[in-house]
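> prediction below, plus the sequence it came from.
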Amino acid sequence: MNSVSSPFITRRKFLLAAASIAASAPIRPALALATGEHRIRVAPGQARLTGPDGPRTPVWAYDGTVPGPTLRLRQGQPARIVVENGLDEDTTVHWHGIRLANAMDGVPGLTQPPIRPGENFLYEFTPPDAGTFWYHPHADSLVQLGRGLAGALIVEEAEPVAVDRELLWLLQDWRLTKDGQIAAGFGNMMDAAMSGRVGNVVTVNGAPPADLTVKAGERVRLRLANASLARIMALRFEGHRPVIVAIDGQPCDPHEPEGGRLVLAPAMRIDVVLDMQGDPGSRHAVIDDYYDGLAYTLTTLAYDAGAPLRDHPLDAPIRLPGNPLPGPDLAEAERQEIVLQGGMMGGGKLAGIGGMMGMAMPGMNGAAWAINGMSMTGDGHAGMAPQFTLSRGATCRLTMRNETAWWHPMHVHGFSLSVLSRNGSPVPHRQWQDTVLLAPKDTIECAFVADNPGDWMLHCHVADHQMAGLMTVFRVT
Ligand code: C2O
Ligand code: CU
Ligand code: CU
């Protein structure tokens, strides 16, 4: 009956078999493109998500690859990206986390007309911040993201930190049938009102988990991005101490994660610096143990037998140079509050969410969630009344209160939020985030300067939740 966790268990043997077949294959390196003008074609394609000998999975892909090509841009330098739509349905591209002009934000109906089948759209923007970002559609988001449309967008610092190697893991979660097809049933009420469409196969850069060969003593910068529809991850690096240097692309005070677990909800990114302090020839698992009883090995750090690169960890600084984020003026801040409502409660009942664009009875119109009593479903569209309006340049102090029994990674377009407190306790390490994970009943306080005019989305990044009403819009004039 529960379509979320049981396929995972039954598929486990299959997963393990697939992983061992591919154990010797290196994790596929990311494609790199030069800066300047890019073209990306969106079209149906095929992928081998369980390894080279596994079944072919029909997917939707950017430039024929899953994930799409990694775009590398330079901070402060203009980029032009032409997107061609080769699908049979409308699409757009949203540059998640990039602070850009509203017209380039990729929300169909709200910031641009949808890109119709056979048509192109030119995105032009100059990324102000260096960091790890990503891109994905904002049309039919649940299905398009769930069929594979996602790619990493890296904005390079003028002066990167000194490391021996840089790695990127773009993580995706798939719900596959036994014969490797993407399972039907997108948007069913069970997923929508509960944890979203959690899948049964996780890929790293489009391939099944495999060993990662490392050298003793090397220092790696690892960029992690969770492009899953709904799967939350908590990564533990056995025998290692990753240091977080950036969250959602924005540098923070370098720190080790609480309990040694890197928690990555959908759409979140974390950059870590990892000193490979294991012994030559040793092996160390990287485990995702977010869901109780469903831990699995994402990858294994496999040390080669060679002598360590160096005796002591590098002592070069790992703090990233700051980005030009406007500092909130808390004394003069305008306060706004959003309350997350709805979802399944104990006993299989939907929490009441009735409201303006909601419905009289929960469960109608596909709405299962609401923000301040309003359910805005789908991908965002024209005619949405803004939840609140801010005047340009004002500091907004935003409280987000989760009244539901579920976890929600809440995402704001166009801005990075300075996260001030969680349940009344100050958040350390000067974190800026565009996607903040709220546990059930959590209250988060954050602040940002409304320096960018336009209508901007604010929604849960569990795609089912977004589609089913956990979304709103705010205006900066
Ligand atoms: Cu990745 Cu509306 O966002
Ligand atoms: Cu976004
Ligand atoms: Cu949610």
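In hand now; what should we look at? Every value quoted in this text rests on a predicted model; they were computed, and no experiment measured them. Ligands and ions are numbered 1, 2, ... in the order given.
> so who does the residue in the stretch 101-250 of the chain that ligand 3 sits nearest to touch?
Using C-beta to the ion, the single residue of the stretch 101-250 of the chain nearest to ligand 3 is residue 196, 6.8 Å away. Bear in mind the C-beta positions are built from the backbone N, C-alpha and C, glycine included. Going by C-beta atoms under 8 Å, 6 or more residues apart in numbering, residue 196 touches 229-230, 266, 462-465.
> just the ones in strands from those residues, please.
Using DSSP state E, the subset of the contacts of residue 196 located in strands is empty.
> what's the closest of these to residue 397?
Proximity of the contacts of residue 196 to residue 397, judged by C-beta to C-beta, is greatest for residue 465, which lies at 24.4 Å.
> I'd like the distance between the residue nearest to that closest one when sequence neighbours are not counted and residue 237.
Using C-beta to C-beta, 6 or more residues apart in numbering and skipping residues adjacent in sequence, the residue nearest residue 465 is residue 369, 5.6 Å away. Using C-beta to C-beta, to the nearest Å, residue 369 is found at 34 Å from residue 237.
> okay, those two: which has more neighbours?
residue 369 (32 against 22; other C-beta atoms under 10 Å).
> OK, contacts around the more buried one?
Here residue 369 is in contact with 193, 340-343, 353, 375, 404, 460, 465, 468-470 (C-beta under 8 Å, 6+ apart).
> ok, now residue 447?
328, 330, 333, 395-398, 417-418, 420.
> what subset of the residues you listed is buried?
Buried residues within the contacts of residue 447, counting neighbours by 16 or more other C-beta atoms under 10 Å: 328, 333, 395-398, 417-418, 420.
> just these: which are in strands?
Among the buried ones among the contacts of residue 447, the residues falling in strands (DSSP E) are 395-398, 417-418, 420.
> can you list these in TSV and add pLDDT and distance to ligand 3?
Converted to TSV, these look like this (pLDDT from 0 to 100; distance: C-beta to the ion, whole Å):
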residue	pLDDT	distance to ligand 3
395	98	26
396	98	21
397	98	22
398	98	17
417	98	17
418	98	22
420	98	21
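> which of the residues you listed sits closest to residue 296?
residue 417 (31.6 Å).
> so how far is residue 116 from the closest one?
Residue 417 is 34 Å from residue 116, by C-beta to C-beta.
> for residue 385, same thing?
27 Å.
> again, but for residue 272
Taking C-beta to C-beta, one finds residue 272 at 41 Å from residue 116.
> equivalent analysis for residue 134, please.
Residue 134 is 24 Å from residue 116, where distance means C-beta to C-beta.
> which stretches of the stretch 1-150 of the chain form strands?
Applying DSSP state E, counting those that start in this stretch to the stretch 1-150 of the chain gives strands spanning 37-47, 57-62, 71-74, 79-85, 94-96, 120-125, 131-136.
> same list (these) but as JSON lines, adding mean neighbour count, mean pLDDT and distance to residue 222.
What follows is those, written out as JSON lines (neighbours: other C-beta atoms under 10 Å; pLDDT from 0 to 100; distance: least, C-beta to C-beta, whole Å):
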{"stretch": "strand 37-47", "mean neighbour count": "17", "mean pLDDT": "96", "distance to residue 222": "23"}
{"stretch": "strand 57-62", "mean neighbour count": "22", "mean pLDDT": "98", "distance to residue 222": "23"}
{"stretch": "strand 71-74", "mean neighbour count": "21", "mean pLDDT": "95", "distance to residue 222": "16"}
{"stretch": "strand 79-85", "mean neighbour count": "19", "mean pLDDT": "97", "distance to residue 222": "24"}
{"stretch": "strand 94-96", "mean neighbour count": "24", "mean pLDDT": "98", "distance to residue 222": "19"}
{"stretch": "strand 120-125", "mean neighbour count": "16", "mean pLDDT": "97", "distance to residue 222": "26"}
{"stretch": "strand 131-136", "mean neighbour count": "25", "mean pLDDT": "98", "distance to residue 222": "10"}
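> ligand 2 is nearest to which of these?
Closest to ligand 2 of the strands of the stretch 1-150 of the chain, according to C-beta to the ion: strand 94-96, at 4.0 Å.
> and the closest one, which strands flank it?
Partners of strand 94-96 in the sheet, by DSSP bridges, are strand 131-136 (antiparallel).
> send the alpha carbons of the strand it pairs with over as CSV?
The C-alpha trace of strand 131-136 is given here as CSV (Å, rounded to 0.1, in the frame of the first residue of the first chain):
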residue,chain,number,x,y,z
GLY,A,131,29.5,28.9,-6.1
THR,A,132,27.6,25.7,-6.7
PHE,A,133,24.2,26.1,-8.4
TRP,A,134,22.1,24.0,-10.7
TYR,A,135,19.5,24.3,-13.4
HIS,A,136,16.2,22.5,-14.0
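> report the inter-axis angle for that strand versus strand 120-125.
Strand 131-136 and strand 120-125 are oriented at 160 degrees to each other (axes from the mean of the first three to the mean of the last three C-alpha atoms, to 10 degrees).
> nearest to ligand 2, of the buried ones among the contacts of residue 447?
The closest of those to ligand 2 turns out to be residue 417 (C-beta to the ion; 12.1 Å).
> can you tell me the closest non-neighbouring residue to that closest one?
Residue 417 sits nearest to residue 446 (C-beta to C-beta, 6+ apart), 4.0 Å away.
> what is the one you found paired to in the beta sheet?
residue 398, residue 419.
> isn't it right up against residue 434?
No: Residue 446 is beyond contact range of residue 434, at 10.4 Å (criterion: C-beta atoms under 8 Å).
> joint contacts of these two?
With C-beta under 8 Å, 6+ apart as the test, residue 446 and residue 434 both reach residue 417.
> roughly how far does the residue nearest to residue 465 sit from ligand 2?
Distance, residue 369 to ligand 2, using C-beta to the ion, to the nearest Å: 18 Å.
> got it, and residue 271?
Distance of residue 271 to ligand 2, given as C-beta to the ion: 18 Å.
> torsion angles phi and psi at that residue?
Per-residue torsions, residue 271: phi -100, psi 130 (degrees, to the nearest 10).
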